[in-house]
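Q: model the following, please.
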Amino acid sequence: MAEKMESYNEKNIIFIGFMGVGKTTVGQIVAEKLSRPFIDIDNEIEKAFNKSIPDIFAEDGEAAFREKERELMRQHCLDRLKVISIGGGAFQNEEIRKICMDHAIVIFLDISWESWRERMDSLVDTRPVLQNSTDDEIKDLFYRRKAVYAEHHLRIDSDEQSSEEIADYVTKELKHNKSLRN
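A: Sure thing, here's the model as predicted:
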């Protein structure tokens with residue numbers, strides 16, 4: 001007997017994309033529109049360590065951060081009816097990517113390098129992977145991660161849209177796009 005597929009009404013909704021693209025802001029709006037709890041995995045990691053992400057990277061190391069990220073993703077992805085924003089690097093982990101794709105609707109908020117580059121200066125202080133990196137290294141990271149984000153259920157170009165417009169589009173697609181509904 002075939003396993004019954006969960007409908008979007010039962011699945012989590014997970015936002016992926018490069019750092020600073022707006023996953024948290026859009027996720028919060030979508031969660032409110034759908035009357036679901038919102039989880040920001042980076043915030044959950046900060047709570048678990050009782051310190052900021054830059055401090056976690058500096059004091060505990062990236063490996064400790066990534067392990068806590070995997071643990072929290074396993075925990076939250078197996079629940080239902082949440083809207084979850086994950087850090088820009090989380091989807092690089094094969095285990096996280098698989099659990100997200102299998103147990104959630106994964107929405108990729110895409111952005112062009114040019115649009116993201118305009119935001120970069122406001123992000124550097126709070127994003128450890130950007131610190132002490134050249135523009136070329138950051139651009140390489142951007143495109144390497146973008147290749148990983150290619151595995152998703154819905155892609156949205158966020159260059160010319162507000163967070164509210166993106167959230168409206170997401171909720172409309174969830175309700176009307178049959179390929180997302182089952």
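
Q: so where's the longest helix in the chain?
A: Taking DSSP state H as the criterion, the chain has its longest helix at helix 62-77.

Q: counting by contacts, list what that helix packs against.
A: Helix 62-77 sits against strand 12-16, helix 41-49, helix 53-59, helix 94-103, with contacts defined as 3 or more C-beta pairs under 8 Å, 6 or more residues apart in numbering; DSSP states H and E. Any C-beta I mention is one placed from the backbone N, CA and C, and that applies to glycine too.

Q: hmm, try it at 7 Å
A: Secondary structure elements in contact with helix 62-77, counted by 3 or more C-beta pairs under 7 Å, 6 or more residues apart in numbering; DSSP states H and E, are helix 41-49, helix 53-59, helix 94-103.

Q: need the ones you listed in a markdown table (columns: mean neighbour count).
A: Shown next, in a markdown table, are the helices and strands packed on helix 62-77 (neighbours: other C-beta atoms under 10 Å):
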| stretch | mean neighbour count |
| --- | --- |
| helix 41-49 | 17 |
| helix 53-59 | 15 |
| helix 94-103 | 16 |
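
Q: phi, psi of the nearest residue to residue 155 once chain neighbours are set aside?
A: Once flanking residues are discounted, residue 155 sits nearest to residue 108: 4.6 Å by C-beta to C-beta, 6 or more residues apart in numbering. The phi/psi pair for residue 108 (degrees, to the nearest 10) reads phi -90, psi 110.

Q: do residue 39 as well
A: The phi and psi torsions at residue 39 (degrees, to the nearest 10) take the values phi -120, psi 120.

Q: how close does it sit to residue 168?
A: Per C-beta to C-beta, to the nearest Å, residue 39 is found 21 Å from residue 168.

Q: would CSV of the helices and strands packed on helix 62-77 with mean pLDDT and distance to residue 26 be doable?
A: Shown next, in CSV, are these (pLDDT from 0 to 100; distance: least, C-beta to C-beta, whole Å):
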stretch, mean pLDDT, distance to residue 26
helix 41-49, 96, 15
helix 53-59, 91, 20
helix 94-103, 93, 16
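
Q: those helices into TSV, with extra columns for distance to residue 136?
A: Putting these into TSV (distance: least, C-beta to C-beta, whole Å) gives the following:
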stretch	distance to residue 136
helix 41-49	26
helix 53-59	21
helix 94-103	26
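
Q: closest one to residue 34 among these?
A: helix 94-103 (16.9 Å; C-beta to C-beta).

Q: how far is the closest one from where the chain is centred?
A: Taking C-alpha atoms, centre = their mean, to the nearest Å, one finds helix 94-103 lying 12 Å from the centre of the chain it belongs to.

Q: and the contacts of it?
A: If you take C-beta atoms under 7 Å, 6 or more residues apart in numbering as the criterion, helix 94-103 is touched by 11, 12, 14, 70, 73, 74, 77, 78, 90, 91, 106, 151.

Q: change it to 10 Å
A: Outside helix 94-103, the residues that touch it by C-beta atoms under 10 Å, 6 or more residues apart in numbering are 6, 10-12, 14, 16, 41, 66, 69-70, 72-74, 76-80, 84, 86-87, 89-91, 93, 106, 148-149, 151-153.

Q: perfect, I'm done here.
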